[in-house]
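Kindly return the folded structure for what I paste below:
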Amino acid sequence: MDDVKRYYDENAEREWNRLNNPYSKIEFNSTIYLIEKYFPKTGHVLDVGSGPGRYSLELLKKGYKVSLLDISKNELTIAKRKIQDQGYTAESYHCKSALELECFEDESFDSVLIMGPLYHLHSEEDRNKVLTESKRILKEGGTAIISYINTWGTLKASVREFPDSFEEIDHFDKYIKGDYLKFSSEESFTDVFFTTPKIALQEVKKAGFNLISYAGAESFLSGLNIQIVNLYTYMPKIYENYLEKASEYCELPQYRDATEHLHIIVKK
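Numbers count the residues shown, from 1 in each chain. Below is the predicted model of the structure:
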């Protein structure tokens, strides 16, 4: 976890800006779409792995009471500043790992958002701890959105982001079969974990959650980074149309299994 903490401390401002770029905004808008569709309309939300507070701020704007938890002190500093600058107040800020949810009482949240922590936990035991603790602190009938990095979607993204990794042709098979792909900070931007939708769904069910739905955050636009930037630059109105429909279609089975970010919606 030290490597993960170091990475986010050093890249805190970049993480705030990441969801502003035309391609990452697809992920952001799809997540907001799912929050609006599945979260109760009011209540207290815990944003686990909140980063610099992009989703927390949107939740506050919608009238939720929000607590933020993140491993990076620098990320939380940005979150607090951004939230206060727009005239909002969060319930609390916790500089902790997602593995330290024992500080929260049973059934103390109406909803839980887990948008990043599972990307970095190599151990199934650790991921199960985050999931079971999240279920414990969730009220009966409460909703959670849980995100994984999808191996099949990263294979598409690799064309732009890391094609040199595929100099050995057998590496493609590792991604197609890759139920558990683990990379250290020497091999990737920090310690990361990729898995397939099948395994991710099994993990959340094993933790005792009831599956409601799941979605591919990038929808039918997954992997089209360059094309999306061009559309945003030269045809902004049409870009907005694509953005809207990508969110609307993010749960369709023909798209959701092949995007970089997999969002699983569950109830307790």
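
quick one: average confidence on the longest strand anywhere in the chain?
In terms of residue count, the longest strand belonging to the chain (DSSP state E) is strand 138-150. If you average the pLDDT over strand 138-150, you get 97.

go on, stretch 232-248?
98.

again with stretch 195-205
Averaging pLDDT residue by residue across stretch 195-205 gives 96.

Next: stretch 2-22.
pLDDT averaged over stretch 2-22 gives 87.

tell me which residues of that stretch are tucked away?
Within stretch 2-22, the residues scored as buried using 16 or more other Cβ atoms under 10 Å are 4, 5, 7, 8, 11, 12, 15, 16, 18, 19, 22. Every residue, glycine included, has its C-beta placed from N, CA and C.

can you give me the strands for the stretch 101-250 of the chain?
109-114, 138-150, 181-183, 192-195, 210-216 (DSSP state E, counting those that start in this stretch).

right, so these: which one is the most enclosed?
Across the strands of the stretch 101-250 of the chain, averaging neighbours per residue (mean count of other Cβ atoms under 10 Å) puts strand 109-114 on top, at a mean of 24.

which residues sit against that one?
Here strand 109-114 makes contact (Cβ atoms under 8 Å, 6 or more residues apart in numbering) with 35, 39-40, 42-50, 55, 59, 64, 67, 98, 130, 134, 137-139, 142-147.

Could you export the buried residues of stretch 2-22 as a markdown table, including distance to residue 254 and secondary structure?
As requested, the buried residues of stretch 2-22 are exported to a markdown table (distance: Cβ to Cβ, whole Å; DSSP: H, G, I helix; E, B strand; the rest coil):
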| residue | distance to residue 254 | secondary structure |
| --- | --- | --- |
| 4 | 34 | helix |
| 5 | 38 | helix |
| 7 | 34 | helix |
| 8 | 34 | helix |
| 11 | 34 | coil |
| 12 | 37 | helix |
| 15 | 31 | helix |
| 16 | 33 | helix |
| 18 | 27 | helix |
| 19 | 25 | coil |
| 22 | 23 | coil |
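
Closest one of these to residue 84?
residue 16 (14.3 Å; Cβ to Cβ).

Can you verify my assumption that that closest one contacts residue 57?
No: counting by Cβ atoms under 8 Å, residue 16 stays clear of residue 57, with 10.1 Å between them.

and for these two, which residues touch both?
Common neighbours of residue 16 and residue 57 (Cβ under 8 Å, 6+ apart) are residue 82.

out of the buried residues of stretch 2-22, what pair is the most spread apart?
5 and 22 (29.2 Å).
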